[in-house]
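*Asks:* here is my input, please return the structure:
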Amino acid sequence: MHSTGADTWNLRALQKAALGIVGAALVALAGCASDSAAHSSDAGGGTPRAGGTLTFALGDEVRCIDPQQAGDGAELTAARGLVDSLTARDPRTGRLGPWLAASWQASADARSFTFTLRPGITFSDGTALTATTVKAAFDADVALGARAILAAGYLSGYRGSTVLAPDRVRVDFSRPNAKFLEATSTVSLGIVAPSTSARSAEQRCAGGIVGSGPFVLTSFTRGQQVTQTVRRGYAWSAAGSAHQGQAHLERIVFRIVTEDGVRLGGLQSRQFAGISNLTSQDRQALSGGGGTVLSRAIPGLATSINVNTSRPITRDRAVRLALASAVDRTQIIAALGPGYSAATSVLSSTTTDYTDLHARLVTDAGAAARSLDGAGWVRGGDGIRVRGGVRLQLTVAWFGEDPVTRSALELVQQQLKAIGVGLTLRPVPTSGALATLKGGDYDLVVGQSSTADPDILRIYYTVEGLNAVRLGDGPLRTVLLTQSTQADPAKRAALVSQAQQHLIGDGYAIPLFEQSAAVALSSSVHGVVLDTLARPLFYDAWLS
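*Replies:* Down below sits the predicted model:
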């Protein structure tokens, strides 16, 4: 990353994602038999029927309804039905397919992307989708600057868009941007009508959104409710959709309900047809049936401990690998409960180009102890090892007061103590997270991020980004920078795999667990799907 203002904001936005402030990092859950890794609601209620109002309770505030300025999971969920994107990720297969764009091409250096648009698409105000409107939408996204929280990162290095024909547009970047194609499937780069592109940021946030999506915004009361109605004549559904044509539902009402108990009570009393942000207690209460719980692992960085290689003790690869061998993920998952799974790489298993490295993440406390013995670390009277008068005492920084992370780290603390390593837990306020990461004032630091694209590895682990493990030039940096310039999916996947192997093989990162997001639906709701970012989609939804 270069030190431009836009990139500085990109780091802030991505760090917010890493802290669970941006994206779909919902509270993970204690499970029940009815939702074993499901991400699609039961469609067995018969033939889909049209009509009806689905009331869905969101657990977080919706302060802005503009897809480009939306900053968290609730806002992005509410905005998804209003706008379509150039491409779509099939929720079931994860494959990238057409939506507003019928086809696309990427230059070999990942600096230029050309899209050919589907014919006959219009915005809800009757304006036709053309290459000119796509250009205007992207130009307006960039003009929003720091307010376009996620879009600004996706469009980093944007040089402009060129209209090649009424139905063909080329998007150019000043430097390689391999993540852009993936980003064109997100709601954050959803295409808005020219009337929206011309509005101010404040007007857009307050409800001035016109899109080509299957629903139309009819009212928005900040912090209270979002109401959408079906778009008549909609006929350009995304790849992977279960049907064609307009949405089945007549209306969706998103209610903002931040109290956990109120959401659950509303679902049980049928005041709400669905709720988000389930707690462990919610899952236990719903385990007797009466509805459906959909859950899906959140893509991005698995929750991991990152090791600062610039510190005298953790500079030693033998020490880093001993720490990794001592961590027992099975014990951690048993304590956290259903809704969590052992991480098998630094990327979660639902992330693009994830590589399964579980065979390299073996717990062997005996081997870890022997490795430290061989490196000259001798147990002291209190059980903590000493070498040359220096105690093997480390500090791990983690952000916020998340009780799940604390519980996991307390177990790691016990596991490391068993091999003679002292571990001090140092919670850091969310406001100090970026400064901590950029300053490197830690031995170990916990990281997690919600994103579908593996370029998050470059953001976290290179000197151009957050540099969580404090490495300079070397093999890891080379592969991470190269993958960001590689437009060929197969070649990029191979590079991302190499990066994951470097991170684990050299003990730079110690993966702990993956987290799931979940929603609960009443038995009358069918056809809801969790997208690849674990957010609910309502285009195929219907009520029985």
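*Asks:* show me what the mean pLDDT comes to for the longest strand belonging to the chain.
*Replies:* Ranked by number of residues, the top strand in the chain under DSSP state E is strand 509-522. Across strand 509-522, pLDDT averages out at 93.
*Asks:* dump that strand to PDB, restricted to CA.
*Replies:* What follows is strand 509-522, C-alpha atoms only, in PDB (Å, rounded to 0.1, in the frame of the first residue of the first chain):
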ATOM      1  CA  ALA A 509       0.700 -17.100  12.600                       C
ATOM      2  CA  ILE A 510      -1.000 -19.500  15.000                       C
ATOM      3  CA  PRO A 511      -4.600 -20.100  13.800                       C
ATOM      4  CA  LEU A 512      -7.100 -20.700  16.600                       C
ATOM      5  CA  PHE A 513     -10.700 -20.900  15.500                       C
ATOM      6  CA  GLU A 514     -13.300 -20.000  12.800                       C
ATOM      7  CA  GLN A 515     -16.500 -18.200  13.700                       C
ATOM      8  CA  SER A 516     -20.000 -18.700  12.200                       C
ATOM      9  CA  ALA A 517     -22.700 -16.100  11.600                       C
ATOM     10  CA  ALA A 518     -26.300 -17.100  11.900                       C
ATOM     11  CA  VAL A 519     -29.900 -16.000  11.600                       C
ATOM     12  CA  ALA A 520     -33.100 -17.600  12.800                       C
ATOM     13  CA  LEU A 521     -36.300 -17.800  10.800                       C
ATOM     14  CA  SER A 522     -39.900 -18.800  11.600                       C
END
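*Asks:* show me what that strand is packed against.
*Replies:* strand 274-275, helix 280-286, strand 291-297, strand 300-307, helix 329-336, strand 340-342, helix 403-417 (3 or more C-beta pairs under 8 Å, 6 or more residues apart in numbering; DSSP states H and E). Every residue, glycine included, has its C-beta placed from N, CA and C.
*Asks:* Ile209: which of the ones you listed is closest?
*Replies:* strand 274-275 (22.4 Å; C-beta to C-beta).
*Asks:* tell me which strands the longest strand of the chain pairs with, and in which orientation.
*Replies:* strand 274-275 (antiparallel), strand 291-297 (antiparallel), strand 300-307 (antiparallel), strand 340-342 (antiparallel) (DSSP bridges).
*Asks:* nearest to Arg370, out of those strands?
*Replies:* strand 300-307 (19.7 Å).
*Asks:* buried ones in the helix or strand that the closest one is followed by?
*Replies:* Using DSSP states H and E, the helix or strand that follows strand 300-307 in sequence is helix 317-326. For helix 317-326, a neighbour-count test (16 or more other C-beta atoms under 10 Å) marks Arg317, Val319, Arg320, Leu321, Ala322, Leu323, Ala324, Ser325, Ala326 as buried.
*Asks:* next: stretch 164-171.
*Replies:* Asp167, Arg168, Val169, Arg170, Val171.
*Asks:* ok, now stretch 89-100?
*Replies:* Per 16+ other C-beta under 10 Å, stretch 89-100 contains these buried residues: Arg89, Asp90, Pro91, Leu96, Pro98, Trp99, Leu100.
*Asks:* in a markdown table: the residues you listed, plus distance to Leu533, pLDDT and secondary structure.
*Replies:* Shown next, in a markdown table, are the buried residues of stretch 89-100 (distance: C-beta to C-beta, whole Å; pLDDT from 0 to 100; DSSP: H, G, I helix; E, B strand; the rest coil):
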| residue | distance to Leu533 | pLDDT | secondary structure |
| --- | --- | --- | --- |
| Arg89 | 8 | 91 | strand |
| Asp90 | 13 | 91 | coil |
| Pro91 | 10 | 89 | coil |
| Leu96 | 14 | 91 | strand |
| Pro98 | 19 | 97 | strand |
| Trp99 | 15 | 98 | coil |
| Leu100 | 19 | 98 | coil |
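*Asks:* most widely separated two among these?
*Replies:* Checking those with C-beta to C-beta, the most distant pair is Pro91 and Leu100, at 17.6 Å.
*Asks:* for the stretch 151-300 of the chain, which segments are assigned as helices?
*Replies:* 151-154, 179-183, 194-197, 201-205, 260-268, 280-286 (DSSP state H, counting those that start in this stretch).
*Asks:* out of those, which gets nearest to Ile456?
*Replies:* Nearest to Ile456, of these and by C-beta to C-beta, is helix 179-183 at 8.8 Å.
*Asks:* what helices and strands are in contact with that closest one?
*Replies:* helix 151-154.
*Asks:* how far does the helix it packs on sit from the chain's center?
*Replies:* 14 Å (C-alpha atoms, centre = their mean, to the nearest Å).
*Asks:* which strands or helices does it pack on?
*Replies:* Partner elements for helix 151-154 (3+ C-beta pairs under 8 Å, 6+ apart): helix 5-18, helix 131-143, helix 179-183.
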